[in-house]
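>>> here's a sequence, model it:
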Amino acid sequence: MIVRFGGVDSYYSHGYLIPFIVAFLIWRKRERLKNMSPTGSKWGLAIIILALLLHLTGTVLYVFSLSGFSIYLLIIGATLFLFGKEIAKELAFPLGYIILMFPLPLAVMTAISFPLKLVAVKLGSSIVRMLGVPILREGFNISVPGGNLVVGNPCSGLRSILSFFVVGMLLAYLIPASFPRKAILILSIIPVAILSNIIRVPLLILIAYHWGQPAASPESPLHTLTGVLAFLLGIGLLLAISKILQWKS
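Below you'll find the model as predicted:
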């Protein structure tokens, strides 16, 4: 998990933050938890055993994502076993939120990122053409007078979707709104992430057109800046949606 969190093209750099957010969410419930008595549950022991079996299976088969996910089951099982159903129910959201720090298998991420990248490239190229910029697209290769761009997996938008789920789920939990309105906010996460990423691709193409391909390369500060702008745009949209959903009818 540390390798996946700290990789150069990591999709899970937010993983380090999740335990602190969960600790904060549990701390907010401290007064309610003080008035609840730990009872313990045998179901927790069953889940702990399942987690250990899953870890052993992942180790034998060299499927490390299974071993990682077994930690999540272990946390759930330990909470049930030590504190019981009532406390586990009270901590349902913090316990569920932990799963956002466990990386998806690489094969699954590749399968998801490909169609997302294709949508971003097609729509991004169309936007640039409408602005009058001459481009030639062949698959994920985009040629402009300033040079050639290759849209890689990090530009698929999957990283944004995973990051926005961390923010969006937390917002949905914290805002004072009904469950249907919270659900609307959660459902808006994916389109918001895709939209912000679609806007990033034309920006990179325009940068390459005006200042050359090196200015739009992953090593360029401008490339990083477009990522920051796309992320801020997505966060701003999620905050705006959350505010709208809090309006009284």
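>>> show the subsequent helix or strand relative to the strand or helix carrying residue 21.
Element membership of residue 21 [criterion: DSSP states H and E] is helix 18-28. With elements assigned by DSSP H and E, the helix or strand that comes after helix 18-28 is helix 30-34.
>>> pLDDT weak spots in this structure?
146, 153-155, 248-249 (pLDDT under 70).
>>> got phi/psi on residue 144?
The phi and psi values for residue 144, taken as degrees, to the nearest 10, are phi -130, psi 160.
>>> burial measure for it, as a count.
22 (other C-beta atoms under 10 Å). For the C-beta atoms, the positions are set from N, CA and C on the backbone; glycine is no exception.
>>> how near is the residue nearest to it when sequence neighbours are not counted to residue 99?
Among residues not flanking residue 144 along the chain, residue 209 sits closest, at 4.6 Å (C-beta to C-beta, 6 or more residues apart in numbering). Residue 209 sits 42 Å away from residue 99, going by C-beta to C-beta, to the nearest Å.
>>> how about the spatially most central residue of the chain, what does it touch?
Against the mean C-alpha coordinate of the chain, by C-alpha atoms, centre = their mean, the closest residue is residue 162 at 1.1 Å. By C-beta atoms under 8 Å, 6 or more residues apart in numbering, residue 162 lies in contact with 11, 12, 14, 100.
>>> ok, the third one - how many residues close by?
Using other C-beta under 10 Å, residue 14 is surrounded by 18 other residues.
>>> how much space separates the nearest residue to residue 157 once chain neighbours are set aside from residue 212?
Excluding the flanking residues, the one nearest residue 157 by C-beta to C-beta, 6+ apart is residue 197, at 3.4 Å. Distance from residue 197 to residue 212, counting by C-beta to C-beta: 23 Å.
>>> of these two, which one has the most company?
Taking neighbours as other C-beta under 10 Å, residue 197 and residue 212 compare with residue 197 leading, 27 against 15.
>>> thought that one was touching residue 156?
Yes - counting by C-beta atoms under 8 Å, residue 156 is a contact partner of residue 197 at 7.4 Å.
>>> between these two, which contacts overlap?
What both residue 197 and residue 156 touch, as defined by C-beta under 8 Å, 6+ apart, is the set 116, 120.
>>> before we move on, back to that, where's the residue nearest to the centre of the chain, which helix or strand?
helix 158-174.
>>> buried sites along that helix?
158-172 (16 or more other C-beta atoms under 10 Å).
>>> quick one: which of those residues is nearest to residue 129?
Nearest to residue 129 among those: residue 160, at 23.5 Å, using C-beta to C-beta.
>>> dump the residue contacts of that closest one.
193, 194, 196, 197, 230, 231, 234.
>>> now for the residues you listed: which two are most distant?
194 and 231 (13.4 Å).
>>> and residue 199, what element?
Using DSSP H and E, residue 199 falls in helix 189-211.
>>> now for that helix, which elements pack on it?
Packed against helix 189-211, as judged by 3 or more C-beta pairs under 8 Å, 6 or more residues apart in numbering; DSSP states H and E, are the following elements: helix 106-130, strand 141-144, strand 147-150, helix 158-174, helix 213-216, helix 221-245.
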